[in-house]
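In: Dropping the sequence and predicted coords here.
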Amino acid sequence: MKYNTVIFDLDGTLLNTLEDIADSTNYALRKCGFPERTIEEVNSFIGNGTNHLIANAVPTATPKEKLEECTRIYRNHYSSNSDNKTAPYPGILEILSQLKDNNYKLAVVSNKFDSAVKELCKKYFKDYLEIAIGESPLIQRKPAPDTLFEAMKQLGASKEECIYVGDSDVDVKTAHNAGIPCIGVAWGFRGRSLLEAEGADYIIDTPEEIFEALHNLSQ
């Protein structure tokens with residue numbers, strides 16, 4: 001099978017967003033009178049969407065109303081501060097350009113809230129990506145396969161033509177729930193050992209290895 005469609009996760013895969021996410025998390029925690037979190041703690045909370053992130057960042061047994069307030073503050077702050085320290089990982093822009101030149105269909109599917117996904121992708125990847133889908137009330141988030149299926153639909157691609165690329169256990173589960181292979185990226189937020197344990201179909205250490213992965217998985 002020759003794959004012609006590559007769908008990417010965003011945080012920890014294409015963009016290093018960790019510091020901006022941590023800054024907005026701690027801004028929201030301060031505003032709500034809660035203790036701040038270390039960047040390592042915030043890193044461990046990322047991957048399952050904004051509600052999960054803030055639910056884990058606030059103290060245990062935080063009342064629902066306070067949790068909702070903190071989540072709202074986070075979203076508002078991050079919407080205006082998502083690109084203070086964020087940048088593409090080394091080699092990402094070059095590999096997206098090469099994939100595009102080789103006629104691959106490209107998209108992003110993320111658990112980051114949808115408006116932030118679209119804004120960041122527009123800024124960094126508008127010349128390469130056809131579709132960018134984030135978390136919204138309209139569709140079930142990863143690891144459910146729904147957002148992947150929606151991207152395939154918009155791209156006009158069958159699942160037999162698609163591969164998903166991500167850095168986390170959530171990404172591996174999402175790909176496998178959709179019935180497609182997952183290329184794990186070892187440079188992201190979770191690392192090689194977790195990707196191996198979760199059963200990623202192929203693991204790469206640099207963006208340049210993606211063509212080798214696509215070739216080997218096509219055999």
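Out: Received, thanks. Numbers count the residues shown, from 1 in each chain.
In: now the protein, which segments are flagged as low pLDDT?
Out: 1 (pLDDT under 70).
In: so where's the longest helix in it?
Out: In the chain, with assignment by DSSP state H, the single longest helix is helix 64-81.
In: Quick one: list the elements packing against that helix.
Out: helix 18-31, helix 50-57, helix 114-125 (3 or more Cβ pairs under 8 Å, 6 or more residues apart in numbering; DSSP states H and E). The way it works is simple: take the backbone N, C-alpha and C, and place the C-beta from them, glycine included.
In: What are the buried residues along the first one?
Out: The one in question is helix 18-31. Of all the residues in helix 18-31, those buried under the rule 16 or more other Cβ atoms under 10 Å are 18, 20-29.
In: repeat for stretch 205-215
Out: Applying 16+ other Cβ under 10 Å to stretch 205-215 flags 207, 209-210, 213-214 as buried.
In: what's the answer for stretch 126-141, then?
Out: Result for stretch 126-141 [16+ other Cβ under 10 Å]: buried residues 128-129, 131-135, 141.
In: circling back: relative to Lys85, tell me which of the helices and strands packed on helix 64-81 wins on proximity.
Out: When these are compared by Cβ to Cβ, helix 18-31 sits nearest Lys85, at 4.1 Å.
In: Which residues does the helix or strand that the closest one is followed by contact?
Out: Next helix or strand after helix 18-31 toward the C-terminus (DSSP states H and E): helix 39-45. Defining contact as Cβ atoms under 8 Å, 6 or more residues apart in numbering, one finds that helix 39-45 is touched by 18-19, 21-22, 25-26, 37, 52-53, 56-57, 189.
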